[in-house]
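Participant: Fold the following for me, if possible:
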Amino acid sequence: MLNKIYKGLFLFAVVLAIGTVVFFLAFDYTLVNAFFMTIITITTVGFGEVQPLDSAGKLFTILLLLMSIGVYGYLVTVISDFFSNNVLMEAFRIKKELKEIAKLEGHTIICGFGRNGRQSYEKLKKFNKTCVVIEQKEEFIENPMYQDVQFVKGDATSDLALKNAGIAKASHLIAALPSDANNVYIVLSSRQLNSKLNIVSRANDENATEKLKIAGANHVIMPDKLGGDHMASLLVTPDLVEFVNRINMEGDSNANLEEIGVDELPEEYMMKSIQDLDVRRNSGCNVIGFITSEDEYIVNPSSKMILEPHCKLIVLGRPEQIKKFKEIYE
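Facilitator: Reported below is the predicted structural model:
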């Protein structure tokens, strides 16, 4: 809508320039008189001629007047639409939202609000994580169901949309577009804009997996492959799959698994062993996994494992036990 207003103003300037130049060159007006004659003509104030005009001058003046009426009509229409359609209020709302997003730190950016994007958003909200969604389809942005979602309207492959989503201060990004090529582009741009970003990307084709990792993705997920593996597992080991499903990670209030950074523990436990935590006796939880600072995953770690900086613990327990663990150790 603003572009239409700018177009109208541009046309007005063109009419003004044409009138001034023609009066100056064709009818022997001084530059000031030519400009003055043009102004009083296109504004229809009703003043008389600055100096006498012949028939050609009068015909040109009539043409100039008709041109100005057309431009005025266009300007009035677009300006009326601008205010009547709440475009101005919408522009202020978007500007306010971008200011709020600019204040965020450590948030997650979700590129695309399709099925995978929405699932990612719902899961993250259960963990009370702040999310910003880049989407260009009005059907999602204007949907009352998603009125609480912080949207940035735009193409996620553009650097401007990523910057508007606060990528410089974000901690995570999920590339969930249906096109592998677009996801590769997003990952490349995001990694360039924020080298410390933790990036998870969707992939449809196995050939795209390696390209996404080379582009800078930390993790690449193939939803279709995961779905097929899960269905096959339900046939081969149904009880095991059901048991794993029950060990859920739904959120702070009912999680059975929790990832705890060693850096988040009280300082007194730093460089101590897992045994020194005495997790089982204090909270009822069990440490079932350990991730080293080099991202080595250790299942059922030894109780002698040293709690070094930048390592992580994977803790298993009932929701009330997980809650107690957090109260004691965080």
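
Participant: Show me where this structure has its helices.
Facilitator: Ranges of helices within the chain are 2-26, 31-42, 55-84, 87-102, 115-126, 138-141, 159-164, 180-193, 206-215, 223-236, 238-246, 274-277, 279-283, 319-329, based on DSSP state H.

Participant: So which of those is the most surrounded?
Facilitator: Most buried of the helices of the chain by mean neighbour count (mean count of other Cβ atoms under 10 Å) is helix 180-193; its value is a mean of 20. All C-beta atoms are positioned from the backbone trio N, CA, C, and that covers glycine.

Participant: Figure out how far that helix is from the centre of its chain.
Facilitator: Remark: helix 180-193 is offset 13 Å from the chain centroid, using Cα atoms, centre = their mean, to the nearest Å.

Participant: Excluding chain neighbours, what is closest to the most centrally placed residue in the chain?
Facilitator: Nearest to the geometric centre of the chain sits Ile134, at 3.1 Å (Cα atoms, centre = their mean). Closest residue to Ile134 apart from its sequence neighbours, by Cβ to Cβ, 6 or more residues apart in numbering: Ala156 at 4.2 Å.

Participant: I figured that neighbour hits Phe113, correct?
Facilitator: No. Using Cβ atoms under 8 Å as the test, Ala156 is too far from Phe113 to be in contact (9.9 Å).

Participant: Could you check which of these two has the larger neighbour count?
Facilitator: With neighbours defined as other Cβ atoms under 10 Å, Ala156 and Phe113 compare such that Ala156 has more, 28 against 25.

Participant: contacting residues for the more buried one?
Facilitator: Contacts for Ala156 (Cβ atoms under 8 Å, 6 or more residues apart in numbering) come out as 111-112, 134-136, 162, 175, 177, 182, 186.

Participant: residues shared between the contacts of Ala156 and Phe113?
Facilitator: Counting by Cβ under 8 Å, 6+ apart, the residues touching both Ala156 and Phe113 are Glu135.

Participant: Who are the contact partners of Val279?
Facilitator: 285-287, 315, 325, 329.

Participant: Now do it, the pLDDT please.
Facilitator: As predicted, Val279 sits at a pLDDT of 90.

Participant: what about it, distance to Ile247?
Facilitator: Counting by Cβ to Cβ, to the nearest Å, the separation of Val279 from Ile247 is 17 Å.

Participant: cool, Leu53 as well?
Facilitator: 91 Å.
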